[in-house]
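Undergrad: Generate a structure from the sequence data that follows.
(2 chains)
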Amino acid sequence: MAEFKEAPAGAPAAAQVTTWLQNRFPTAFDAYKVHMSEYYAPKNFNFWYFFGSLALLVLVIQIVTGIFLVMHYKPDAAKAFASVEYIMRDVPWGWLVRYMHSTGASAFFIVVYLHMWRGMIYGSYKKPRELIWIFGCAIFLCLMAEAFMGYLLPWGQMSYWGAQVIINLFAAIPFIGPDLSLLIRGDYVVGDATLNRFFAFHVIAVPLVLLGLVVAHLLALHDVGSNNPDGVEIKAKKDPKTGIPLDGVPFHPYHTVHDIVGVSVFLMIFTAIVFFMPEVGGYFLEYNNFIPADPLQTPAHIAPVWYFTPYYSMLRAVTDPMVNVFAVVVALAAVLAVLKGGLAGKWKAAVLVAALVVIAALKIFDAKFWGVVVMGVAVLIMFPLPWLDRSPVKSIRYRPGWNKWLYGIFVLNFFVLGYLGIKPPSDIGTLVSQIGTLFYFGFFLLMPWWSRIGEFKAVPDRVTFHAH
Amino acid sequence: MKTLIRKLALTLGAALSLALAALLSPAVAATGGIAWDKFPEKRITDMAALQNGAKLFVNYCLNCHQAAFMRFNRLRDIGLTEQQIKDNLVFTGVKVGDTMHVALDAKDAKDWFGALPPDLTLIARSRSGGQGSGADYIYTYLRTYYRDETKLTGWNNLAFPGVSMPHVLWELQGQQRAIFADEKDPHDPARTVHVFKGFEQITPGTLSAEEYNLAVADLVAFLQWMSEPNQGNRVRLGVWVMLFLAVFTVIAWRLNAAFWKDVK
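TA: Next comes the predicted model:
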């Protein structure tokens, strides 16, 4: 235990209260230093560094508005839709709380996608921040589960049929699929049982895991320190006397006042949507979802909400010809590994056998199943990014110039996939999404090779910073 | 700081243009029917129009369709007193605080019309789509009924071909016939397509064509208002919130500058 301090006689009341608290709860004071006043973050943060704090803000918005929604919402298939309308019409300020929650869901994905993009372009996932990245990917996974299950709760047509379609996908998994989808639904069709368990997961289970992961994400970040747009380790150059990184500034007040600017601009956009266009043309609140769920009437076109559509596009891209393309790619990769991999004889045989097994599996199981696999792997492939990237530098600033184009095309491709996922399927759309899917996976799976090619620029010792 | 502001402005611009693009190409594809006419949006803020719409709604729609999420006394928001609502709009045995239910039995409805008439509380919101707003759709729909003896009800509709609801407002509009012509399909000369050429009035209604359009506009304004009774307040409040945030942003920006001026 720390030394018991004594406030000097006649000290002001505030100082006495502080001393009293310091003696009884020193942990809080230490935590304040470690995470705020003596957490030294690089001074050259740019625009992209707003989105971490904004994600935290949206998380708080979702939790607080969620609590108030649960006070009036009824997780009952016969009452759910009406209870949401009750919130929108009869509960004082209910409409505001509900619009904040529905807009918050989309805002969460916008902010998190931009936050992940920042990590990608500045190599924030690279050593020693691999674990921060992995916690972050797990947060993204939780967020997807949270959004998917939350979307069922208003019990509109799109809620209902979206859930029906996605849960049915699990049925495509060989052997366990039908039982698994039954387990998720709790019934043979989406119904009251499904609504109740999704409600439980949405308001308790997933948020608990999500909060735990956010804490781990932040603790790990504050242990190793933040990366920055130059990808320079600021801890390498410290003031010899104080031991403080020369390029670091205390998180509080410098980055807190900075983040408040980001928060206020974000809130302007957020409130503009909440107050002036809460449906955002049917993208944030789908029009069909203003019709109560009807198990007997399938809507003409079922599309997931926009934030899932890039992955949904990849799922739809996996047709029988696409599976053949996968088989050819696997065969080529195996042949290349055997010829150029420099493997011992035993390993060469292993690679060939593995490739044959994969190709056989591709041909044996349904394309629908491989679509589900592709959709899942498209998300999971984010996890090993720290080991896929073999570039000697972190930041895109010091990578070969053509990398900027590659990353740009990656984003464009993601947008195109997202757009196609909203639209009803078409021949040309399927072809484009197939090419897009191959590019998406090629970007990650070939990264160990392409990330080493080209001329890297010299990384400076200190961060580049222009005083304001 | 300059680059920061520039980037913020750029993002704001990008976000706004994305939002605009989203609004211009709504997410839901439209199915069937003709292009929608534009609902005269000004009527949504016109109290007299909304009150007339409420009257038409209660007299013509509320016999078969319900508005199960809408309370009668919410009509105070469009300038009616509770007594006026009780005297003119609420019928036998219903309390003014009740929601707008109908006596029509679901099973009977199915037998008579082949389908349960949908709840109209949210109809204006749920019918939005690729061609326009839900209000545009209903405004078009209620004006494009025509006589069609091949249908069970004797009525058909251009915006909703094969609709099972007969023309409830026919006394107001009168009866009209649709004139179609067979024309060559521009995409395939071997085929002909049925093209709508216009309406022909068979019997006059109690309203002139212009009066009828206005009456339908009032009814649609009411439906649009009912789908979110708070929509006007929402926008008015939003302006104040935005003004507050604009001031707050300036303060936050200067606060940030005050701290960062010492960081070299």
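
Undergrad: Check the secondary structure at the residue of the stretch 151-264 of chain B found nearest chain A for me.
TA: Closest residue of the stretch 151-264 of chain B to chain A, Cβ to the nearest Cβ: residue B:238 (2.5 Å). Using the backbone N, CA and C atoms, a C-beta is placed for each residue, glycine as well. Here residue B:238 is recorded as helix under DSSP: H, G, I helix; E, B strand; the rest coil.

Undergrad: Now do it against residue B:231, distance only.
TA: 11 Å (Cβ to Cβ, to the nearest Å).

Undergrad: Comparing those two, which shows the higher neighbour count?
TA: residue B:238 (18 against 15; other Cβ atoms under 10 Å in any protein chain shown).

Undergrad: Once you drop chain neighbours, what's closest to the residue of the stretch 151-264 of chain B closest to chain A?
TA: residue A:275 (2.5 Å; Cβ to Cβ, 6 or more residues apart in numbering or on different chains).

Undergrad: so who does the one you found touch?
TA: A:99, B:234, B:235, B:237, B:238, B:239, B:241, B:242 (Cβ atoms under 8 Å, 6 or more residues apart in numbering or on different chains).

Undergrad: What of residue A:289?
TA: Contacts of residue A:289 by Cβ under 8 Å, 6+ apart are A:154, A:156, A:157, A:158, A:159.

Undergrad: The closest residue to it other than its chain neighbours: how many residues sit nearby?
TA: The shortest distance from residue A:289 to any non-neighbouring residue, by Cβ to Cβ, 6+ apart, is to residue A:156 (3.2 Å). By other Cβ under 10 Å, 26 other residues sit near residue A:156.

Undergrad: got a list of what residue A:156 touches?
TA: A:81, A:286, A:288, A:289, A:290, A:291, A:292, A:293.

Undergrad: Am I right that residue B:251 falls within a helix?
TA: Yes. Counting by three-state DSSP, one finds residue B:251 located in a helix.

Undergrad: and it, how far is that from residue A:74?
TA: From residue B:251 to residue A:74 the distance is 42 Å (Cβ to Cβ).

Undergrad: neighbour-wise, which of these two wins?
TA: Set residue B:251 next to residue A:74 and count neighbours by other Cβ under 10 Å: residue A:74 wins out with 18 against 12.

Undergrad: Who are the contact partners of the more buried one?
TA: By Cβ under 8 Å, 6+ apart, the residues touching residue A:74 are A:80, A:82, A:83.

Undergrad: shouldn't the first one be in contact with residue A:73?
TA: In other words, residue A:80. Yes. With contact defined as Cβ atoms under 8 Å, residue A:80 counts as touching residue A:73 (7.2 Å).

Undergrad: thinking again about what came up before, identify the farthest-apart pair in the contacts of residue A:275.
TA: A:99 and B:239 (15.7 Å; Cβ to Cβ).

Undergrad: Show me which residues of the stretch 51-200 of chain B sit near chain A.
TA: Selection of the stretch 51-200 of chain B residues close to chain A by Cβ under 8 Å from any Cβ of the partner chain yields B:68-71, B:74, B:118-119, B:121-122, B:125-129, B:134.

Undergrad: Apply 7 Å and report the result again.
TA: Selection of the stretch 51-200 of chain B residues close to chain A by Cβ under 7 Å from any Cβ of the partner chain yields B:69, B:121, B:122, B:125, B:126, B:128, B:129.

Undergrad: Now the residue nearest the centre of chain B. Nearest residue, chain neighbours left out?
TA: The centroid of chain B falls nearest to residue B:135 when counting by Cα atoms, centre = their mean (2.3 Å). Among residues not flanking residue B:135 along the chain, residue B:39 sits closest, at 4.1 Å (Cβ to Cβ, 6+ apart).

Undergrad: So what does that neighbour look like in phi/psi?
TA: phi -70, psi 130 (degrees, to the nearest 10).

Undergrad: my read: it touches residue B:136, true?
TA: Yes. Using Cβ atoms under 7 Å, residue B:39 is in contact with residue B:136, at 4.8 Å.

Undergrad: just the strands in chain B please.
TA: B:67-71, B:99-100, B:145-147, B:155-157, B:174-185, B:188-204 (DSSP state E).

Undergrad: which helices and strands does the second one pack with?
TA: Packing partners of strand B:99-100 (3 or more Cβ pairs under 7 Å, 6 or more residues apart in numbering or on different chains; DSSP states H and E): strand B:67-71.

Undergrad: where does chain B dip in pLDDT?
TA: B:1-32 (pLDDT under 70).
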